[in-house]
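Visitor: the following block contains a protein sequence and its predicted model.
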Amino acid sequence: MKDRLFWQGKNIVITGASSGIGKAILLLLKDIDCNIYTLNRQTLPLTFPHTAKITQISCDISQEEQIQAAVASIQKDFKILDVLFNNAGITAHGRFDRMDFSVFHSTFAINFFGTVYLTKLLIEEIKAAQGTIITTSTVSGLYGIPGRSVY
């Protein structure tokens, strides 16, 4: 990774690190001397060698109580947070007229409200570090895609 020195000693939180982009971020940072907290619905065995101190927290980002518990764990260890990677998200496939309304609720709970709530609870630690918030998004938010009305 270019600019490895930037990441050394940093305190980092990654949501959705069990797969996809979040996992790719974790794998890029795993060999750097930094502190990483991952927030995933399920913890996974860390089957790869790593230098980073990686702490996994089981957290469904759609559940405020779980976010609060995760933040309490993070705040116990970190007074500052250098980088928050808001990456957790889901998509839904289906026609608007056939989509159960609960799918709209769960998608927004994870993709929007959970991200906003987590960021709000960690904002003082991010400000203290003059840190960075990185939120994964999608071009699908700009252009409609047939069969993805919720997304």
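Guide: Ah, there it is.
Visitor: please count neighbours and contacts with C-alpha atoms only from this point.
Guide: Noted.
Visitor: got the contact list for Val150?
Guide: By Cα atoms under 8 Å, 6 or more residues apart in numbering, the contact set of Val150 is 91-94, 96, 103-104, 107.
Visitor: that one belongs to a strand, doesn't it?
Guide: No. Counting by DSSP: H, G, I helix; E, B strand; the rest coil, Val150 is not found in a strand; it is coil.
Visitor: rewinding a little: would JSON lines of the contacts of Val150 with distance to Ile145 and pLDDT be doable?
Guide: As requested, these are exported to JSON lines (distance: Cα to Cα, whole Å; pLDDT from 0 to 100):
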{"residue": "Thr91", "distance to Ile145": "12", "pLDDT": "84"}
{"residue": "Ala92", "distance to Ile145": "11", "pLDDT": "83"}
{"residue": "His93", "distance to Ile145": "10", "pLDDT": "85"}
{"residue": "Gly94", "distance to Ile145": "10", "pLDDT": "87"}
{"residue": "Phe96", "distance to Ile145": "11", "pLDDT": "87"}
{"residue": "Val103", "distance to Ile145": "17", "pLDDT": "92"}
{"residue": "Phe104", "distance to Ile145": "16", "pLDDT": "90"}
{"residue": "Thr107", "distance to Ile145": "16", "pLDDT": "91"}
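Visitor: just the buried members of the residues you listed?
Guide: The neighbour-count criterion (16 or more other Cα atoms under 10 Å) marks 103, 107 among these as buried.
Visitor: between the contacts of Val150, which sits nearest Gly22?
Guide: Set against Gly22, the nearest of those by Cα to Cα is Thr91 (15.1 Å).
Visitor: need the nearest residue in space to Ile57, chain neighbours excluded.
Guide: Once flanking residues are discounted, Ile57 sits nearest to Leu39: 5.0 Å by Cα to Cα, 6 or more residues apart in numbering.
Visitor: distance between whichever helix or strand the one you found is part of and the chain's centre?
Guide: Element membership for Leu39 (DSSP states H and E) is strand 35-40. How far strand 35-40 lies from its chain's middle: 8 Å, per Cα atoms, centre = their mean, to the nearest Å.
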